[in-house]
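> pasting the structure only:
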């Protein structure tokens, strides 16, 4: 626990705090989701002034809990949204981006969290106990729009999004795996291959994303140096990262706070310094690994430290089981106000 990077003030599901981790009920799972989703959405609607009746798209990014009716249906019912609202439960921001192509001047909400309570491991296998140390309760809700009239109010503008999946690689596929132990306790096995799988998926993703965001001069410099070194058979210096000056086109790095090993491996792969990795490390320390919602805690830390200025670009790096890497680049449009997540201000 001491070396995990997790602090002592993170949040656990109610059934775990009550000592019922071995007997979580369906209602426990629903209550955990409702607390996070409805609390953050109430804050979101109050802060933006957007009415639930104006929402045209609802996306819930939760991979370990799929009730019937769905989580998006619960949101639609709770806020009595209109009957033509489009609802989905996966892919989040990129899915909204695709739907916006056919839904003009629309509002979308994306809820990012994870169901931890029913998936708490109660056995004794060490490789499966690690998930109990890393994963914590938390989440956030975001409002997205393609309505041009809101450009002056937007905090961030999505400029680029690239998705990569390396599930065909057996080592990467098995690095984060949900299964039962020998006596039937369900949980997640996190292997030593996990940081390496993350680095591999990230490298493949950035080969597509970086040419879209870095200046042409930097791409040309890298290309010339790469082929020159290849011709004279000069090895890359140890710890040199990707060989590109990422900061020529990116100002901030929002790294998925999945664990200390993941953050360190991403930092090593991209040759990032401690200042670049501080937001991810501090989000991990304060909130733990809250799955897809964790990136927004990292962003909240950047805002709280007043690191973000109008015009800055943010590379958001998301890693997940499968193994997948979904990265996007945001441009800061206005000064960021306080970001509400799961009822706590960060």
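Done, it's in. Note that the structure is a prediction, hence the values are computed from the model and not measured.

> all strands of the stretch 51-200 of the chain, in order?
Ranges of strands within the stretch 51-200 of the chain are 55-61, 86-88, 107-113, 139-145, 156-165, 176-180, 186-190, based on DSSP state E, counting those that start in this stretch.

> out of the ones you listed, nearest to residue 24?
Among the strands of the stretch 51-200 of the chain, strand 186-190 comes nearest to residue 24, with 10.2 Å by Cβ to Cβ. The C-beta positions use only the backbone N, C-alpha and C, and glycine is treated the same way.

> excluding its backbone neighbours, what's nearest residue 248?
Nearest non-adjacent residue to residue 248, counting by Cβ to Cβ, 6 or more residues apart in numbering: residue 218, 4.5 Å away.

> pull the residues that contact stretch 27-35.
13-15, 20, 62, 65, 67, 71, 74, 113, 115-118, 137, 342-343 (Cβ atoms under 8 Å, 6 or more residues apart in numbering).

> mind checking which of these are buried?
Listed as buried from these are 13, 15, 62, 65, 71, 74, 113, 115-118, 137, 342; burial here means 16 or more other Cβ atoms under 10 Å.

> ramachandran coordinates for residue 182?
Main-chain torsions, residue 182, degrees, to the nearest 10: phi -60, psi -20.

> ok, the residue nearest to residue 248 to residue 316 distance?
20 Å (Cβ to Cβ, to the nearest Å).

> between these two, which one's more packed in?
Remark: of residue 218 and residue 316, residue 316 carries more neighbours, 22 against 17, as counted by other Cβ atoms under 10 Å.

> was I right about the more buried one contacting residue 331?
No. The pair residue 316 / residue 331 is not scored as a contact, 11.7 Å apart, by Cβ atoms under 8 Å.

> give the contact list for residue 282.
By Cβ under 8 Å, 6+ apart, residue 282 lies in contact with residue 301.

> distance between the helix or strand where it lies and the chain's centre?
Element membership of residue 282 [criterion: DSSP states H and E] is helix 274-287. Distance of helix 274-287 from its chain centroid, counting by Cα atoms, centre = their mean, to the nearest Å, is 14 Å.

> now do it against strand 139-145, angle only.
When axes from the mean of the first three to the mean of the last three Cα atoms, to 10 degrees is applied, the directions of helix 274-287 and strand 139-145 differ by 120 degrees.
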